[in-house]
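Asks: Sequence plus predicted model, see below.
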Amino acid sequence: MKSYCQNSSLNECFLFFRRMKRGLDVVPDKYTFPSVIKACSNVSALEEGRVLHGVTVRCGTDGDVFVGSSLVDFYGKCGQIGCARKVFDGMLVRNEVSWTAMMVGYLSFGDMAAAKSLFDEMPKRNTATWNPMIKGLVRSGDLNCARNLFDEMPVRNEVSFTTLIDGYAKGGDMAAARSLFDQLTHKDLFSWSALMSGYVQNGKPCEAVKAFSEMQDSNLKPDEFIMVNLMSACSQLGCSELAKWIDSYMKNGSFDLRRAHVAAALVDINAKCGNMDRASSLFEEMPERDLISYCSTIQGLCIHGFGSQAVHLFDTMINEGIRPDDVAFTVILSACTHAGLVDDGCRFFELMINSYSINPTPDHYACMVNLLGKSGKLESAYELIRSMPVESHAGAWGALLEACRVNCDVDLGEVVASRLFELEPHNAGNYVLLSNIYAEADRWSNVFNVRDKMSKSGVRKVPGCTYVESTMAA
């Protein structure tokens, strides 16, 4: 029975369970039920699990600690926290598994207070009890409490460290994440992945590549998740040599390149690192294309100046029944802006609102303002900003001010600059843009007035510099 539950579908498990009861005339006992109940838990089969609960009562095994613990776990995973608590309270004997199952149920339900209260009540705890509690605190954003609990643990394992490393990374504290990582005696793939993912998420791609090199030096072979993190770092860097090395390593390794997240990452890395032909080839070879792979390819086409192809691919995606989200519309609106495709941009903006009921974000408005401004439709861009139902941000106004400079529109430039001075009083770039608008219109007295205003406000122009970064392939 246990083998069926671990390796077969739920339907096959129940068929064998009924056959065992009827055909083989075997009465299920306290050793049989936990496996079948766990099979129901794994797929959240609430009705089937309830039937099993009834059978345990009729067979007189519901009072067994292992059967009871399985039922608590089952109801908790199915979101029936009241039923889980009822079973838990009815148990005459409880062990660490019972207490942990109930606590995890509260954590899954989002009731941190009840989970912590139960944790504090536990007569005995083990590592499998401490780790979920720490993970729950990390997910709720209470890193201080999670760290205190971590420090109190009598015995810690790789899961304990990795959970907190991931928490610090998601909270943006990579120094703390790295410090904790360095304290870990045995570093497995999960801990390396948490560290690399944290560096990528926090815009530190060079550190992610260095971490990958360190992992290789420890003779640990990367899995597909490590490689996806490395590809994300490479995409941020735009390093073509590293991209070629990764592509070759993936092709020659034992990786399944047909898996959606792997294929999408390969498309993204090649698109962003200059090999659009390879990216397009990988995209065409994908057995199934999802929203992420489409957006990666569309963004790559945009980066390399193929705006019309990006628009065509977006239309193809919609025709294939893939529903775009707000990020996808940001990608295609950016593509239209870079290529100056005003009609297509306006079409997608209206499609987003009218056909997909997506409320435009400030980023969408900034794209549209930039698009209209670059095409010389300054008044339309200005009216669009004024019509925004959400508070407009500096990005949209900044795009319009740049458009005013390009089109030498002094009057509108003054209005837009005035709004930007309110939003970003210490951003020297806005003052410089307005000064340039005046200079191109030969209004030198206004240029001096702007510079004088900058001086009185304590705004300083940051000197320009050149930044060169070298990233070696691992």
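Replies: Looks like it arrived, so ask away.

Asks: wait, what's in contact with Asp344?
Replies: The neighbourhood of Asp344, defined by CB atoms under 8 Å, 6 or more residues apart in numbering, consists of 311, 336. Backbone N, C-alpha and C define where each C-beta goes, glycine included.

Asks: likewise Ile385?
Replies: When contacts are counted by CB under 8 Å, 6+ apart, Ile385 is found next to 365, 369, 392, 396-397, 400.

Asks: so of these, which ones are in helices?
Replies: Counting by DSSP state H, these place 365, 369, 396-397, 400 in helices.

Asks: In TSV, list the contacts of Ile385 along with distance to Leu420 and pLDDT.
Replies: Shown next, in TSV, are the contacts of Ile385 (distance: CB to CB, whole Å; pLDDT from 0 to 100):
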residue	distance to Leu420	pLDDT
Tyr365	15	91
Val369	13	91
Ser392	11	67
Ala396	10	87
Trp397	5	90
Leu400	9	91
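
Asks: I'd like the residues you listed laid out as a markdown table, including distance to Ala84.
Replies: Converted to a markdown table, those look like this (distance: CB to CB, whole Å):
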| residue | distance to Ala84 |
| --- | --- |
| Tyr365 | 46 |
| Val369 | 52 |
| Ser392 | 48 |
| Ala396 | 49 |
| Trp397 | 53 |
| Leu400 | 56 |
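
Asks: Tell me the one among those residues nearest to Ala45.
Replies: Nearest to Ala45 among the contacts of Ile385 is Tyr365, at 45.8 Å by CB to CB.

Asks: Could you give the number of residues near the closest one?
Replies: 24 (other CB atoms under 10 Å).

Asks: That one against Met388, yeah?
Replies: Yes. Between Tyr365 and Met388 there is a contact under CB atoms under 8 Å: 5.5 Å.

Asks: residues shared between the contacts of those two?
Replies: Joint contacts of Tyr365 and Met388 (CB under 8 Å, 6+ apart) are Ala396.

Asks: Quick check: buried residues in stretch 73-84?
Replies: Under the neighbour-count criterion of 16 or more other CB atoms under 10 Å, stretch 73-84 has 73-78, 80-81, 83-84 buried.

Asks: Report the mean confidence score over it.
Replies: Averaged across stretch 73-84, the pLDDT comes to 94.

Asks: Does Leu46 touch Cys83 like I think?
Replies: No. In this structure, Leu46 is not within contact of Cys83 by CB under 8 Å, at 9.5 Å.

Asks: Spatially nearest residue to Trp130, not counting backbone neighbours?
Replies: With sequence-adjacent residues excluded and distances taken as CB to CB, 6 or more residues apart in numbering, Trp130 is closest to Met153, at 5.1 Å.

Asks: Quick one: residues contacting the one you found.
Replies: For Met153, the contact set (CB under 8 Å, 6+ apart) comprises 127, 130, 160.

Asks: before we move on, what about Ala328?
Replies: Ala328 makes contacts with 291, 294-295, 298, 314, 317, as judged by CB under 8 Å, 6+ apart.

Asks: and those, which are buried?
Replies: 294-295, 298, 314, 317.

Asks: distance of the spatially most central residue of the chain from Asn229?
Replies: Nearest to the geometric centre of the chain sits Gln201, at 8.6 Å (CA atoms, centre = their mean). Separation of Gln201 from Asn229 (CB to CB, to the nearest Å): 10 Å.

Asks: what's the answer for Ser445, then?
Replies: Taking CB to CB as the measure, Ser445 falls 56 Å from Asn229.
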